[in-house]
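> Coordinates for the following, if possible.
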Amino acid sequence: MFCPRLDHFVRLNQNGSVGKCGHMINAKGFDSHEELEHSDWMANIRATMDRGQWPMECFRCQRSEKIKGESIRTNSIKRHRMLHPIRNDYLIVGGVLDNVCNSACQSCNAGLSTKIGALESKKNFPRVDNYEVFKKLPQERIIEFDVNGGEPTASKNYKKILKALPDNVKIVRMNTNGSRIISEIEDVLKRNIMVIVTMSLDGIGKVHDYTRWPIKWENYKRTVDAYLDLQKRYKLLQLDFWTTVSCLNIKTLPDIVNFAKNKNIPHDWAFLEQPSVLNVKYDNKFTRLAKSMSPKEIAVDRNNDKELEDFISRQDALRKIDIKNYGYKSSPYWKVRN
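Just a heads-up that it's a prediction; the model follows:
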């Protein structure tokens with residue numbers, strides 16, 4: 001078994017440590033890139049894969065390949081075939097640059113969003129800033145910059161790095177909530193650097209506005225169209241959609257797929273793990289409507305209606321909104337408009 005991420009990927013963690021793939025479960029963090037690479041933890045993971053077995057940290061990819069036949073691992077192998085001939089010790093840098101964000105998504109937390117932090121506490125909330133951690137990495141090996149937030153388009157650190165990318169960087173990947181487009185992206189494209197923009201797409205219409213509050217659906221669509229216009233001028237710009245599937249949007253997944261198809265933009269998705277209350281495995285009034293979509297994955301665990309109701313009440317109170325105003329009033333509350 002082979003995963004390029006074990007040797008060619010480094011992740012900047014929220015707490016300032018350095019780790020591996022962000023898709024791992026219970027992944028460890030280290031004080032430096034060197035300490036990470038020479039750790040017993042990494043040696044054990046590599047040895048497990050060498051035996052053709054799945055490390056427990058890689059359960060998400062294991063499950064994804066079982067369900068869909070592909071995963072972060074298989075996609076990384078495709079990238080490896082392209083990057084390895086350029087430099088055999090290439091490095092992809094991913095993770096969290098900072099937590100500056102203009103959105104308070106239902107599935108997120110203050111550690112990844114200053115918007116949520118400001119709602120929860122006007123003064124004392126987590127501040128993440130990994131700019132100096134990034135600068136200490138072996139810059140000459142970096143061939144792909146895949147560091148995000150937070151929301152990269154709202155981050156001064158992100159814009160600063162884009163303006164000073166070393167010449168050896170060939171690819172920039174950016175995950176965005178689709179709230180805006182920044183001029184620095186076009187500046188990078190002018191240097192003949194490939195840019196891959198992944199736009200989070202967690203719902204259509206009001207479902208989007210609830211799950212990605214306070215980003216508006218109409219604004220999101222304008223941003224998508226702006227990227228499509230930019231793509232017409234720069235062939236090195238690639239676009240795709242990513243959906244984090246939770247109980248709040250599982251029933252609308254076909255609508256999301258159709259939107260992506262109509263825009264002719266590639267789309268992928270994965271089940272949400274945290275916060276666990278939104279995990280589709282639990283039986284509740286949302287997942288029961290969608291169980292037929294994947295009977296072995298949806299609504300197979302205990303009932304969590306009360307826990308979910310309490311969670312939604314807290315979330316709505318924090319944002320001063322009401323889920324009933326976002327198309328969730330009654331079944332089928334999923335009737336949305338593109």
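> alpha carbons only for contacts and neighbour counts from here, please
Will do.
> Now the element after the longest helix along the chain, going C-ward?
Counting residues, the longest helix in the chain under DSSP state H turns out to be helix 217-233. Reading on from helix 217-233 to the C-terminus, the next helix or strand found by DSSP states H and E is strand 237-245.
> buried residues in whichever helix or strand comes after that following strand?
Counting by DSSP H and E, the next helix or strand C-terminal to strand 237-245 is helix 253-263. Applying a neighbour-count criterion of 16 or more other CA atoms under 10 Å, one finds L253, D255, I256, V257, F259, A260 buried in helix 253-263.
> Helix 253-263 vs helix 217-233, what angle?
Calculated by axes from the mean of the first three to the mean of the last three CA atoms, to 10 degrees, helix 253-263 forms an angle of 40 degrees with helix 217-233.
> The helix or strand following helix 253-263 - which strands sit beside it in the sheet, and in what orientation?
Counting by DSSP H and E, the element after helix 253-263 in chain order, helix or strand, is strand 267-271. Here strand 267-271 has these sheet partners by DSSP bridges: strand 237-245 (parallel).
> average pLDDT across the strand it pairs with?
Strand 237-245 shows a mean pLDDT of 97.
> Residues touching it, excluding its own?
For strand 237-245, contacts defined as CA atoms under 8 Å, 6 or more residues apart in numbering pick out 189, 194-202, 227-228, 230-231, 253, 260, 265-272, 280.
> helices or strands up against the longest helix of the chain?
helix 206-211, strand 237-245 (3 or more CA pairs under 8 Å, 6 or more residues apart in numbering; DSSP states H and E).
> quick one, phi/psi of I298?
phi -110, psi 130 (degrees, to the nearest 10).
> for the one 5 residues further on, same thing?
With angles defined as degrees, to the nearest 10, N303 shows backbone torsions of phi -80, psi 130.
> quick one, helices of the protein?
Counting by DSSP H, the helices of the chain are 5-8, 33-37, 40-50, 59-68, 72-83, 114-120, 131-135, 156-163, 183-190, 206-211, 217-233, 253-263, 305-319.
> can you put the ones you listed in JSON lines and add mean pLDDT and distance to D146?
Listed next are these as JSON lines, based on pLDDT from 0 to 100; distance: least, CA to CA, whole Å:
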{"stretch": "helix 5-8", "mean pLDDT": "96", "distance to D146": "12"}
{"stretch": "helix 33-37", "mean pLDDT": "94", "distance to D146": "16"}
{"stretch": "helix 40-50", "mean pLDDT": "97", "distance to D146": "21"}
{"stretch": "helix 59-68", "mean pLDDT": "92", "distance to D146": "19"}
{"stretch": "helix 72-83", "mean pLDDT": "94", "distance to D146": "13"}
{"stretch": "helix 114-120", "mean pLDDT": "93", "distance to D146": "20"}
{"stretch": "helix 131-135", "mean pLDDT": "94", "distance to D146": "11"}
{"stretch": "helix 156-163", "mean pLDDT": "95", "distance to D146": "11"}
{"stretch": "helix 183-190", "mean pLDDT": "97", "distance to D146": "13"}
{"stretch": "helix 206-211", "mean pLDDT": "96", "distance to D146": "24"}
{"stretch": "helix 217-233", "mean pLDDT": "98", "distance to D146": "18"}
{"stretch": "helix 253-263", "mean pLDDT": "96", "distance to D146": "22"}
{"stretch": "helix 305-319", "mean pLDDT": "95", "distance to D146": "30"}
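> Alright, calling it a day.
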